[in-house]
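Student: coords please:
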Amino acid sequence: MKLRIRFSKFGPVKFVGHLDMMRFFQKAIKASGLPVKYTEGFSPHQVLSFAAPLGVGTQSESEYCDLELTEEENIASYFEPLNEQMCEGLTVRGFYVLPPKAKNAMASVQGASYRIEFKDDEVKEKLAAAVERFSEAEEVLYDKETKTGIKTRNLKEAVYEIKEEDGVLKFTCDASSGGNLKPAALLQGLFEPYGTLLNPWDYHLIREEVYTGNEEGKLVPLYDGLEVLIDDGSSIFLCKTFENS
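Tutor: Numbers count the residues shown, from 1 in each chain. Alright, predicted model coming up:
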């Protein structure tokens with residue numbers, strides 16, 4: 001049986017990196033008694049994968065990991081024991097059954113939605129104009145330094161939806177392995193024309209949801225269409241198209 005786990009990450013634990021988060025979950029899963037499957041060989045490890053690693057300092061309402069189990073009965077009963085193993089700031093929100101031939105979480109990711117809450121009032125005042133300018137532009141170029149040199153990217157191609165609400169920036173963007181857009185790149189594209197340079201401590205970054213693509217070409221949450229074993233009931237999602245809004 002394949003299981004998809006959804007969890008949230010808030011507070012000081014946002015500074016825990018992806019590899020340490022993986023190690024934590026491996027220990028928590030083992031301690032909870034969840035019948036996880038292990039690989040064979042001299043160094044067995046849990047058959048476990050995470051979707052779209054979260055950047056250090058970013059909080060999230062919906063993160064996902066997939067694992068294979070050795071049993072299929074009463075799996076929902078491990079929901080509370082696993083939550084009891086979570087540290088402050090981490091909460092398991094749902095268990096979902098994956099079809100036998102389903103792609104793992106990382107391979108399924110197509111997009112993600114974020115909100116950014118700014119600390120500086122001057123930045124908040126510039127935000128609406130910056131979003132309008134971005135939306136009306138035919139292209140917004142961003143130069144990224146790589147090992148092979150400078151690569152220029154049109155941010156408009158990677159942002160599917162963007163808006164400003166009461167000084168808060170909300171957007172949905174490409175999060176696939178081949179086109180993942182970092183929120184910092186978007187912020188540079190938005191505020192560089194105003195001579196404003198933002199640092200990570202100037203705002204709170206929250207990932208609201210991680211999406212895959214459905215047969216209609218829409219972005220839907222990674223749990224959409226899956227059999228629900230247990231869900232905390234606190235999630236609300238809207239399907240979004242790949243096209244720019």
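Student: Mind picking out the helix or strand in this protein with the poorest mean pLDDT?
Tutor: Across the helices and strands of the chain, mean pLDDT, DSSP states H and E gives its lowest value to strand 240-241, namely a mean of 36.
Student: So what's the predicted local confidence for L141?
Tutor: Looking at L141, its pLDDT is 91.
Student: Ramachandran coordinates for the residue of the chain positioned farthest from its centre?
Tutor: For the chain, the residue at maximal distance from the C-alpha centroid (CA atoms, centre = their mean) is F42, at 33.1 Å. The phi/psi pair for F42 (degrees, to the nearest 10) reads phi -80, psi -20.
Student: With I75 instead?
Tutor: The phi/psi pair for I75 (degrees, to the nearest 10) is phi -70, psi -30.
Student: list the contacts for it?
Tutor: Going by CB atoms under 8 Å, 6 or more residues apart in numbering, I75 touches 1, 3, 34, 69, 95, 229. For glycine as for every other residue, the C-beta is placed from the backbone atoms N, C-alpha and C.
Student: Return the member of those residues nearest to T146.
Tutor: L3 (36.3 Å; CB to CB).
Student: give me the low-pLDDT residue ranges for the chain?
Tutor: 234-245 (pLDDT under 70).
Student: Specify the local secondary structure of the residue most central in space within it.
Tutor: The centroid of the chain falls nearest to V210 when counting by CA atoms, centre = their mean (4.5 Å). Here V210 takes the strand state, with states given by DSSP: H, G, I helix; E, B strand; the rest coil.
Student: Which strand residues bridge it?
Tutor: Beta-bridge pairing for V210 (DSSP bridges): A112.
Student: and what of the one 10 residues further on?
Tutor: Applying DSSP bridges to V220 yields these beta-bridge partners: T212.
Student: hmm, back to that, and the buried ones among the contacts of I75, selectable in PyMOL?
Tutor: The PyMOL selection below is limited to those of those classed as buried (16 or more other CB atoms under 10 Å):
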select buried, resi 3+34+69+95+229
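Student: now the contacts of I75 in CSV, with distance to L190 and secondary structure?
Tutor: Formatted as CSV, those follow (distance: CB to CB, whole Å; DSSP: H, G, I helix; E, B strand; the rest coil):
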residue, distance to L190, secondary structure
M1, 44, coil
L3, 39, strand
L34, 42, coil
L69, 44, strand
F95, 38, strand
L229, 40, strand
